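Novice: When you get a sec, could you give me coordinates for this:
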Amino acid sequence: MRIALAVVLASAASISASPGLPVAPVHTTRTEPHIAFDANGNVARFYGVPINLTIPGLKRLPYRVKMGHIVKEGDRYITAQIQIKDGIVVDAEFVRGRVYRLGTASPNAVGPRGIRVGSRLSDVRAAWPAGKLIYGIGEKNLYVTFLTGANILYNFDPKDMPRDAFDDVPPKDVKIPDLKVQYIRFEDIPVPAH
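Specialist: Here you go, the predicted model:
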């Protein structure tokens, strides 16, 4: 499972590093006017922040932006914290001047299909029945992520998982608790759920 995740994430990283086509918002819903979707059901905008945002485009947003950087696997990435309203902060990470990931840990933010930080895994599974929960040991950290099959992912706190879930070979009978969503994430490309 870890190898499959590494392949998915590596291919996503290589694709997101290429220029690609801009994502065209197609529609919003009455219940989620703060989210715009493309024709394939991927998030194109989240609280007015486009998934194809560029660093120069940050200046055109009607929000306060705090710039920074992070270092991952020896590479330095530019980041931005975009302060929306009602205490909602959207994090953006950039590669070659373009967003490759947006996300939020803000409890007031509502993601697609009503899933928010603090929602339960059972709610996520009900909203995305074809999705898949993956977990394991990454390069430096443990991870627990729900893949929806679109560019929407949900992260959970690995500390809430049973310890034996992170053995070298996870046992088949690990009972997964009804975890709480810790972070809502949007990638610049869809991440398959298989």
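Novice: Where do the helices of this structure begin and end?
Specialist: All helices of the chain, identified by DSSP state H, fall at 2-16, 121-127.
Novice: what is the mean pLDDT for stretch 151-170?
Specialist: Mean pLDDT, stretch 151-170: 88.
Novice: Poorly predicted segments of the chain, please.
Specialist: 1-31, 168-172 (pLDDT under 70).
Novice: Most remote residue from the middle of it, which is it?
Specialist: residue 173 (27.5 Å; CA atoms, centre = their mean).
Novice: I'd like to know how far it sits from residue 157.
Specialist: Going from residue 173 to residue 157 by CB to CB, to the nearest Å gives 22 Å. For glycine as for every other residue, the C-beta is placed from the backbone atoms N, C-alpha and C.
Novice: and what of residue 163?
Specialist: On the measure of CB to CB, residue 163 and residue 157 end up 13 Å apart.
Novice: just residue 146 next, same as before
Specialist: For residue 146, the distance to residue 157 - CB to CB - is 13 Å.
Novice: more crowded one of the two?
Specialist: The neighbour count for residue 146 versus residue 157, taken as other CB atoms under 10 Å, is higher for residue 146 (24 against 13).
Novice: Run through the bridge partners of that one.
Specialist: residue 133, residue 154 (DSSP bridges).
Novice: My understanding was that it contacts residue 128; is that so?
Specialist: Yes: counting by CB atoms under 8 Å, residue 146 touches residue 128, with 7.2 Å between them.
Novice: so who does the residue most central in space within the chain touch?
Specialist: Among the residues of the chain, the one closest to the centroid is residue 185, at 1.6 Å (CA atoms, centre = their mean). Neighbour list for residue 185: 101, 102, 103, 152, 153, 154, 155 [criterion: CB atoms under 8 Å, 6 or more residues apart in numbering].
Novice: same thing but 10 Å
Specialist: 91, 93, 101-105, 111, 145-146, 151-155, 191 (CB atoms under 10 Å, 6 or more residues apart in numbering).
Novice: Show me which of those are buried.
Specialist: Among the contacts of residue 185, those scoring as buried are 91, 93, 101-104, 111, 145-146, 151-155, 191 (criterion: 16 or more other CB atoms under 10 Å).
Novice: Surely residue 80 touches residue 92?
Specialist: Yes: at 4.4 Å, residue 80 counts as touching residue 92 under the criterion of CB atoms under 10 Å.
Novice: got any residues that touch both of these two?
Specialist: With CB under 10 Å, 6+ apart as the test, residue 80 and residue 92 both reach 49, 53, 55, 58, 61, 65, 67, 99, 102.
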